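Participant: Any chance you can model this:
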Amino acid sequence: MKVLYIFNTSNFRDGSIKSLLTLISGLQERGIVASAVVQRKGEMFTSLSKKGIHTYVLPLRFNTYPLARNMVDKLLFLPRFVFWQVMNVFSYLSLLNVVRHEKFDIIHTNVSVINIGFKVAKRLRIPHVFHVREYVDKDFGLHYFPTDRYLRKTLENSYSICITKDIQLHHKLNTSRRSSVIYNGIIYQSQIKTNPIKERYFLYVGRIEPAKGLDVLVKAYHKYVLDTSVTVVPLLVAGEVSDTVFYKNLLRYIQSNGLSKYISFLGGRDDVFELMRKALAIIIPSVFEGFGRCMAEAMFNGCLVIAHDTGGLKEQFDNGKELCGGEIGLRYKTELQLSGHLQDVSKRPYKFYSDMICRASSVVGRLYSIEVYVNSVYDVYKRMLGVSENND
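Facilitator: Predicted coordinates for the structure are as follows:
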């Protein structure tokens, strides 16, 4: 089975890329012959090539309108939009020739906002699947070109793998026979970590941009600092800056409110699991998270989770409660509730949350194992190609 995977970014730390690389590795063990499309030569291209994955470079772009967050964005809106469309036309024609020559059985696009693979697959009449990891509008504020309705029609005319039930419902794919809900695979079932040695710090992991809600966390943390009657627990921020304006505004708020001595920016890190294992808690304040990979990763690493009760984060909480009969983390809906959780965690002995952490680890092993993830996607491929169980 020859499958072409279309990557949406070259950032190894991006959750969607971690999930895709895990999937490809597992499917190769099942006999899949994988090829890839990336946007540029670099570390990702080199890494894939070393793994024996034939990799093509095409300058494809999202099929969305550019964001207009500030005056610079507004001035560059039209030039960016035209440039993106030109790049996508070039990428489409180039990919069409590649797929014709290589005769792939399936094209698998890692996000819903890149449609080049779908167009090529439709032209050549081969199966295509979108890995729908995002709401598009509610999480990233993006709008599909030419309309959001066109996105829905595109998704309906393809196979789709949605990473949560809520994302499937959001895109009105819940009644489609060609749509499946498959949670991301985080760990192998034998790798669950328990009883880590803790240090006194809170942790944030993720990109520094509005969608990830770090500004909400900082404001709640400010209230916690003002109200706490015990030694302040510092906040470590591990993540790359993807919105410099947002980052500068955040720094100004931190400095003007005397928080600089408590909040440390670590940049992008390759030791995130170690940071999770030692943290008192990880805080996931995303405005609207599609799945929340770092939530499952933290639970796997024995880290208490404090997360915004919305989107994929809420679905993970609800799944855990249904499976275990109790909460697997601390939910919040408002800044005040978040600040209260920070207060409680900083004052209580860590053993107070041990049952919750154990339930969370159990849920990760049952719902988000790599084995279940890979096997479920492989089954989708077989359905796409009309392969019966007897022919496997």
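
Participant: tell me which element K172 is part of?
Facilitator: Using DSSP states H and E, K172 sits within no helix or strand.

Participant: Let's see the pLDDT reported for it.
Facilitator: According to the prediction, K172 has pLDDT 95.

Participant: got it, and V98?
Facilitator: 97.

Participant: Would you agree it falls within a strand?
Facilitator: No. Under DSSP: H, G, I helix; E, B strand; the rest coil, V98 falls outside any strand and is assigned helix.

Participant: So which elements touch the helix or strand containing L75?
Facilitator: In this assignment (DSSP H and E), L75 forms part of helix 71-102. Packed against helix 71-102 by the contact rule (3 or more C-beta pairs under 8 Å, 6 or more residues apart in numbering; DSSP states H and E) you find strand 2-6, strand 54-57, helix 116-124. For every residue, glycine as well, the C-beta is placed using N, CA and C.

Participant: Same list, the ones you listed, but as CSV with mean neighbour count, distance to T228 and mean pLDDT please.
Facilitator: As requested, these are exported to CSV (neighbours: other C-beta atoms under 10 Å; distance: least, C-beta to C-beta, whole Å; pLDDT from 0 to 100):
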stretch, mean neighbour count, distance to T228, mean pLDDT
strand 2-6, 23, 47, 98
strand 54-57, 16, 51, 96
helix 116-124, 20, 51, 97
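
Participant: Compare these and report which one is nearest to A296.
Facilitator: Minimum separation from A296 across the helices and strands packed on helix 71-102 (C-beta to C-beta) falls at strand 2-6, 21.8 Å.

Participant: just checking, what packs against that closest one?
Facilitator: Where contact means 3+ C-beta pairs under 8 Å, 6+ apart, strand 2-6 is packed against helix 15-29, strand 33-38, helix 71-102, strand 106-109, helix 116-124.

Participant: With respect to I254, which of the helices and strands packed on helix 71-102 lies nearest?
Facilitator: Proximity to I254 (C-beta to C-beta) singles out strand 2-6 among the helices and strands packed on helix 71-102, at 38.5 Å.

Participant: That closest one versus helix 116-124: what angle between them?
Facilitator: Relative orientation of strand 2-6 and helix 116-124, computed by axes from the mean of the first three to the mean of the last three C-alpha atoms, to 10 degrees: 140 degrees.

Participant: now strand 2-6 against strand 33-38, angle please.
Facilitator: Interaxial angle, strand 2-6 versus strand 33-38 (the same axes, to 10 degrees): 20 degrees.

Participant: then strand 2-6 to CSV, C-alphas only?
Facilitator: Listed next in CSV are the C-alpha coordinates belonging to strand 2-6 (Å, rounded to 0.1, in the frame of the first residue of the first chain):
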residue,chain,number,x,y,z
LYS,A,2,1.7,3.2,-1.2
VAL,A,3,0.6,6.3,0.8
LEU,A,4,1.6,9.9,0.2
TYR,A,5,1.5,12.1,3.4
ILE,A,6,1.2,15.9,3.0
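
Participant: returning to what we had before: would you turn the helices and strands packed on helix 71-102 into TSV with distance to I254?
Facilitator: Formatted as TSV, the helices and strands packed on helix 71-102 follow (distance: least, C-beta to C-beta, whole Å):
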stretch	distance to I254
strand 2-6	38
strand 54-57	39
helix 116-124	41
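
Participant: Nearest to S286 among those would be which one?
Facilitator: Nearest of the helices and strands packed on helix 71-102 to S286, taken as C-beta to C-beta: strand 2-6 at 24.6 Å.

Participant: Each with direction, which strands does the closest one pair with?
Facilitator: In the sheet, strand 2-6 lines up against strand 33-38 (parallel), strand 106-109 (parallel) (DSSP bridges).

Participant: So for I106, which of the helices and strands packed on helix 71-102 sits nearest?
Facilitator: Going by C-beta to C-beta, the one of the helices and strands packed on helix 71-102 nearest I106 is strand 2-6, 4.7 Å.

Participant: Any chance you could list what contacts the closest one?
Facilitator: Here strand 2-6 makes contact (C-beta atoms under 8 Å, 6 or more residues apart in numbering) with 20, 24, 27, 32-37, 60, 98-99, 102-110, 114, 116-117, 381.

Participant: Buried ones among these?
Facilitator: By neighbour count, with 16 or more other C-beta atoms under 10 Å, these hold 20, 24, 27, 32-37, 60, 98-99, 104, 106-110, 114, 116-117, 381 as buried.

Participant: ok, the closest residue to L155 other than its chain neighbours - contacts?
Facilitator: Counting by C-beta to C-beta, 6 or more residues apart in numbering, the nearest residue to L155 once its immediate chain neighbours are dropped is H171, at 5.6 Å. Residues near H171 by C-beta under 8 Å, 6+ apart: S112, V132, L151, R152, L155, S160, C162.

Participant: for A307, same thing?
Facilitator: A307 touches 283-286, 292, 295, 313, 316-317, 329-332, counting by C-beta under 8 Å, 6+ apart.

Participant: any idea how far Q28 is from it?
Facilitator: For A307, the distance to Q28 (C-beta to C-beta, to the nearest Å) stands at 33 Å.

Participant: Likewise for T55?
Facilitator: To Q28, T55 is 14 Å away according to C-beta to C-beta.

Participant: All the strands of this protein, residue numbers only.
Facilitator: 2-6, 33-38, 54-57, 106-109, 128-132, 159-162, 179-181, 202-205, 235-238, 263-267, 281-284, 305-308, 330-332 (DSSP state E).

Participant: about what we covered before: can I get the strands paired with strand 2-6 in TSV with distance to L342?
Facilitator: Formatted as TSV, the strands paired with strand 2-6 follow (distance: least, C-beta to C-beta, whole Å):
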stretch	distance to L342
strand 33-38	40
strand 106-109	39
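
Participant: Redo the ones you listed as TSV? Include mean pLDDT and distance to P127.
Facilitator: As requested, the strands paired with strand 2-6 are exported to TSV (pLDDT from 0 to 100; distance: least, C-beta to C-beta, whole Å):
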stretch	mean pLDDT	distance to P127
strand 33-38	97	15
strand 106-109	98	5
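
Participant: so which of those strands comes closest to Y201?
Facilitator: Y201 lies closest to strand 33-38 among those, at 35.4 Å (C-beta to C-beta).
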